[in-house]
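Asks: structure here, sequence nowhere to be found:
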């Protein structure tokens, strides 16, 4: 157990739907990062939050949004889902040395 | 051109051999360099973390960073079948900044 908890582990949904992925960082970590890993793209940075505030944004689609709550857990919202959104979604948290990843949410859009 | 380049492999070696992995990058602002291991699309696991140029050793793993050449390496000594996985290099400009990953190298250690 890395200490970073992601739920759900698997998600199957239809095109056009909306889903929410949840991440709880390691105790004491203030930063949360979201990454997307598809078969042909590798790990792509989506967005970072630090202590509730958006810190950095990557190539995140407008259909995707995220937030970090006062208890530091984060949610990634994916809407108007397309087949191409099928991927593994990882969150990570960081402290002084190293970034720790959760076990991911496998999203399948059918 | 990608910011971080990594040979996708697969790299197949016999058990006990040295595994040699490397990445090249184009962003001279990168200062923190990491190697992750990922089994069957599970969560990446941090193996090595280095700052700036130099070598770092941890058990069977040695990481090298040459910022002048924009080239980093990971060596795995006495490789075991359990080392079979995808190895990802990652780097950032500052502590706490986003990580930029290479595409990963698939390694297969044969008994």
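Replies: Everything's here; your move. Everything numeric here is computed off the predicted structure, so don't read it as measured data.

Asks: so what's residue A:105 bridging to?
Replies: Residue A:105 has the following beta-bridge partners by DSSP bridges: residue A:89.

Asks: do me a favour and get the end-to-end distance for stretch B:69-78?
Replies: 27 Å (CA to CA, to the nearest Å).

Asks: in the chain, which spans are strands?
Replies: Using chain A here. A:5-7, A:10-13, A:19-24, A:31-38, A:42-50, A:53-57, A:64-68, A:74-78, A:87-94, A:99-101, A:105-109 (DSSP state E).

Asks: let's do chain B instead
Replies: Using DSSP E, the strands of chain B run over residues B:4-6, B:11-14, B:19-25, B:32-38, B:45-51, B:54-58, B:61-66, B:71-76, B:85-92, B:100-101, B:105-110.

Asks: closest to residue A:77 out of these?
Replies: Of all the strands of chain B, strand B:100-101 sits nearest to residue A:77, with 23.4 Å by CB to CB. Yep, even glycine has a C-beta here, placed from its N, CA and C like the rest.

Asks: do that closest one and chain A come into contact?
Replies: Yes: against chain A, strand B:100-101 shows contacts by CB under 8 Å from any CB of the partner chain at B:100-101.

Asks: that strand pairs with which strands?
Replies: Strand B:100-101 is paired, per DSSP bridges, with strand B:85-92 (antiparallel).

Asks: angle of the strand it pairs with against strand B:61-66?
Replies: Inter-element angle recorded for strand B:85-92 and strand B:61-66: 40 degrees (by axes from the mean of the first three to the mean of the last three CA atoms, to 10 degrees).
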